[in-house]
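Visitor: 3D, please:
(one chain, ligands or ions: 1)
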Amino acid sequence: MSCFSFLSRRASRLPRHPAEVDEELSSAYNIHIYTYKELRNATDDFSPSNKIGEGGFGSVYKGRLKGGVFAAIKVLSAGSKQGVREFLTEINVISSVEHENLVQLYGCCVEGDHRILVYNYVENNSLSQTLLGCGHSSLQFSWRTRTKICIGIARGLAFLHEEVRPHIIHRDIKASNILLDKDLSPKIADFGLAKLMPPNATHVSTRVAGTIGYLAPEYAIRGQVTRKADIYSFGVLMLEIVSGRCNRNSKLPIGEQDLLERTWGLYERAELVMLVDTAMDGDFDAEEACKFLKISLLCTQDAPKLRPSMSTVVKMLTGEVAVNDDITKPGLISDFMDLKVRSNDDKPSTYNTVSSGSDQNDHSMSSGNTSCATITFTDISYRS
Ligand SMILES: Nc1ncnc2c1ncn2[C@@H]1O[C@H](COP(=O)(O)OP(=O)(O)OP(=O)(O)O)[C@@H](O)[C@H]1O
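Guide: Purely as a prediction, here's the structure:
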């Protein structure tokens, strides 16, 4: 029996759920449907002791499936309309792809009001909770480990952008969406905002969603998403990996708060090496670290067409292709922050939040630092 017929049969026996869910699920293939009971058993009735995380859409539990395999079980909070859309997107996008640098979706559960995603369990948490987690993690990130992480993420993205048909734009590349396995190899997670790029399309027009600090300016302003927006986010993320700090830190002196702006300043003064994480106690290859920082700057250039493709980025990182030293000014977050953002309900300067992370890393919306929460903008215009 094909996975598709298995899914259709199982879905038709399930309690009623919205027509959009039935329709979308029936187009997904290669996906296993779990019963709620199976997942309850796997997590000891969703015991708090098995809870490993909390995202904008609900809680994540560690569970042991029948056969002994560990899984990360993501339970969507009830009543989250936006969450249902993302739930379906995630299933449709990720069930069709497989790569060593992408998190694997084992299956899902749609029973009554329950919407649950089941992934392979990735042992070492996310980059935001470990590398950027203000000393909460005991993991050590050597220079070799950091290069492996950057190259792995770049390979995963190059696969999505260039090998999968139709191409996939992730739209929310950021530190909390990079999970690390037992060998600290990276897995890109969270495909809830992903967009499929129709063949021959130059861009997809969409509501702007993503995370401030990682959003490419042209995408934030016009809502036209291309793969270059992911490449910009990747550039910001790689700066964080090399420097060991978050892209925005309001506790630092003005002028150092925005990581990309600071990197550009150091590049212009030929002092890029000063950005490298001091936690490595100088134990890194300075030439290679500066090369990685230059590649980040190439990826974050203001003009999207100047940003290299992800396959070129992989080749630059691995030394197959030389790094072009002709780098133009990045599209800066401070310019982006000058935008006036209005949500549908017309309250000035508010974000329509669809997801916020659980990071303890000076990221929360309430602390006034919005840099690491996933947001959706419904209307954006320039401040006059
Ligand atoms: N496959 C997985 N394996 C192990 N842990 C996971 C897995 N997926 C998620 N987690 C844990 O659950 C946490 C919450 O994940 P989730 O994707 O729901 O939210 P987030 O990415 O942190 O935030 P946001 O919803 O704003 O994107 C992660 O930070 C991670 O610690």
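Visitor: And the strands in the stretch 251-384 of the chain, which stretches?
Guide: Assignment of strands within the stretch 251-384 of the chain using DSSP state E, counting those that start in this stretch yields the ranges 339-342, 352-353, 374-377, 379-382.
Visitor: mind checking which helix or strand residue 108 is in?
Guide: Element membership for residue 108 (DSSP states H and E) is strand 105-111.
Visitor: Direction included, what does that strand pair up with?
Guide: strand 32-33 (parallel), strand 114-120 (antiparallel) (DSSP bridges).
Visitor: Tell me the buried residues in the last one?
Guide: Which is strand 114-120. 114-119 (16 or more other C-beta atoms under 10 Å). Where C-beta positions appear, they are placed from N, C-alpha and C, glycine not excepted.
Visitor: which residues make contact with that strand from outside it?
Guide: Defining contact as C-beta atoms under 8 Å, 6 or more residues apart in numbering, one finds that strand 114-120 is touched by 21, 32, 34, 36, 39, 63, 65, 69-76, 83-84, 87, 90-91, 103-110, 189.
Visitor: For the chain, which residues score under the pLDDT cut-off?
Guide: Along the chain, segments meeting pLDDT under 70 span 1-30, 79-83, 134-135, 197-209, 333-384.
Visitor: which residues in it form helices?
Guide: 3-13, 19-27, 36-42, 81-94, 143-158, 217-222, 227-243, 259-268, 286-299, 310-318, 333-336 (DSSP state H).
Visitor: So which of the ones you listed is the most surrounded?
Guide: Highest mean neighbour count of these: helix 227-243, a mean of 26 (counted as mean count of other C-beta atoms under 10 Å).
Visitor: The strand holding residue 108 versus helix 81-94: what angle between them?
Guide: On the basis of axes from the mean of the first three to the mean of the last three C-alpha atoms, to 10 degrees, strand 105-111 is oriented at 140 degrees to helix 81-94.
Visitor: Do strand 105-111 and the ligand come into contact?
Guide: No. Using C-beta under 6 Å from any ligand atom, strand 105-111 stays clear of the ligand, with a minimum separation of 9.1 Å.
Visitor: Can I get that strand in PDB, CA atoms only?
Guide: Taking Å, rounded to 0.1, in the frame of the first residue of the first chain, the C-alpha atoms of strand 105-111 are listed here in PDB:
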ATOM      1  CA  LEU A 105       9.600  14.800   9.600                       C
ATOM      2  CA  TYR A 106       8.500  11.300  10.700                       C
ATOM      3  CA  GLY A 107       4.800  12.000  10.500                       C
ATOM      4  CA  CYS A 108       1.900  13.900  12.000                       C
ATOM      5  CA  CYS A 109      -1.300  13.400  14.000                       C
ATOM      6  CA  VAL A 110      -4.600  15.100  13.100                       C
ATOM      7  CA  GLU A 111      -7.300  13.900  15.400                       C
END
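Visitor: if we can go back for a sec, so how do I select the buried members of the contacts of strand 114-120 in ChimeraX?
Guide: What follows is the ChimeraX syntax selecting those of those that are buried according to 16+ other C-beta under 10 Å:
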select :21,32,34,39,63,65,71,72,73,74,75,76,83,84,87,90,91,103,104,105,106,107,108,109,110,189
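Visitor: circling back to that earlier point, JSON lines for the strands paired with strand 105-111, including distance to residue 50?
Guide: Below are the strands paired with strand 105-111 laid out as JSON lines (distance: least, C-beta to C-beta, whole Å):
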{"stretch": "strand 32-33", "distance to residue 50": "20"}
{"stretch": "strand 114-120", "distance to residue 50": "13"}
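Visitor: wait, what's in contact with residue 230?
Guide: Per C-beta under 8 Å, 6+ apart, neighbours of residue 230: 157, 160-161, 169-171, 173, 310.
Visitor: In these, find the pair that's most separated.
Guide: 171 and 310 (14.2 Å; C-beta to C-beta).
Visitor: re earlier: can you tell me which of the buried residues of strand 114-120 is closest to the ligand?
Guide: Closest approach to the ligand among those (C-beta to the nearest ligand atom): residue 119, at 3.8 Å.
Visitor: Give me the nearest residue to residue 305, chain neighbours excluded.
Guide: Spatial nearest neighbour of residue 305, excluding adjacent residues (C-beta to C-beta, 6 or more residues apart in numbering): residue 228 at 7.4 Å.
Visitor: which ones are touching the one you found?
Guide: 216, 218, 304-305, 307.
Visitor: same thing with residue 97?
Guide: Neighbour list for residue 97: 159-160, 164, 168 [criterion: C-beta under 8 Å, 6+ apart].
Visitor: Nearest spatial neighbour of residue 152, chain-adjacent residues omitted?
Guide: residue 186 (4.2 Å).
Visitor: didn't the one you found look like it was pressed against residue 157?
Guide: No. Using C-beta atoms under 8 Å, residue 186 is not in contact with residue 157; the gap is 10.5 Å.
Visitor: The ligand versus residue 295, what's the distance?
Guide: 25 Å (C-beta to the nearest ligand atom, to the nearest Å).
Visitor: do residue 239 as well
Guide: Residue 239 is 19 Å from the ligand, by C-beta to the nearest ligand atom.
Visitor: Check residue 62 too.
Guide: Distance of residue 62 to the ligand, given as C-beta to the nearest ligand atom: 7 Å.
Visitor: just checking, that residue touches residue 43?
Guide: Yes. Shown here, residue 62 and residue 43 form a contact pair, counting by C-beta under 8 Å, at 7.5 Å.
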